[in-house]
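J.: Provided below are the primary sequence and the corresponding predicted coordinates.
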Amino acid sequence: MCTRAKSNRGRPWTKETFEGFLDELYWLRCAAALVFGLAFGLAPLEGAAGLAAFAALSTACSFLVLKTRYIIDLESFGGMSACLQEGGMPSFGLFMLTWIITYTAVHAADEDEFIYTD
C-alpha cells in the first residue's frame with residue numbers, strides 16, 4: 001500500500017493529488033482474490049455460498065480500506081460505488097481460477113467416484 005496517504009497533512013486526497021489510488025484498490029482486490037481463492041479451495045467450500053462470501057468479503061475489504069487507511073475525496077474518484085466496483089470483475093475471475101484450481105488439486109481424491117472410466 002501507498003504510504004503517501006499520511007503525507008497530505010490531513011487534507012483529503014483528490015484525483016489530482018493521488019492518481020494511483022484506483023490502481024491500489026485494483027491490486028488490493030486482486031491480492032484479496034488470491035487469498036480468498038486459496039482459502040475457499042483448501043476449505044471445501046462449494047457453490048453459491050462461496051460466491052456470495054467472496055463478493056461480501058471483497059467489498060468489505062475495499063470498504064475498510066476506503067474508510068480507515070486513506071482520507072479520500074470520493075466524489076473526485078466517481079463516488080463510493082465507483083471505488084467499491086474498481087477491479088471487481090478481474091478479481092472475480094482471479095478468485096474463480098484460484099478457487100477451482102486449489103479445490104481440484106486438494107480434493108481430487110474425494111471426487112474420484114464421480115469420474116467416468118470405461
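T.: Cool, got the structure. Numbers count the residues shown, from 1 in each chain.
J.: Spatially central residue for this structure, please.
T.: Centroid-nearest residue in the chain, with Cα atoms, centre = their mean: Arg29, separated by 2.8 Å.
J.: So that residue is in contact with Glu86, correct?
T.: Yes - between Arg29 and Glu86 there is a contact under Cβ atoms under 8 Å: 7.2 Å. No exception for glycine: its C-beta is placed from N, CA and C like everyone else's.
J.: any common contacting residues for the two?
T.: Ser62 (Cβ atoms under 8 Å, 6 or more residues apart in numbering).
J.: in this structure, which helix or strand is least confident?
T.: Lowest by mean pLDDT, DSSP states H and E among the helices and strands of the chain is helix 80-85, with a mean of 72.
J.: which parts of the longest helix belonging to the chain are buried?
T.: Scanning the chain for the longest helix, with DSSP state H as the assignment, gives helix 21-42. Using 16 or more other Cβ atoms under 10 Å as the test for burial, helix 21-42 gives 21-22, 24-26, 28-30, 32-34, 36-41.
J.: elements contacting that helix?
T.: With contacts taken as 3 or more Cβ pairs under 8 Å, 6 or more residues apart in numbering; DSSP states H and E, helix 21-42 sits against helix 47-64, helix 88-107.
J.: Contacts only, for the residue nearest to Leu57 when sequence neighbours are not counted.
T.: Nearest non-adjacent residue to Leu57, counting by Cβ to Cβ, 6 or more residues apart in numbering: Phe36, 6.0 Å away. Under the criterion of Cβ under 8 Å, 6+ apart, the neighbours of Phe36 are Ala53, Phe54, Leu57, Ser58, Phe95, Thr98, Trp99.
J.: Sounds good, over and out.
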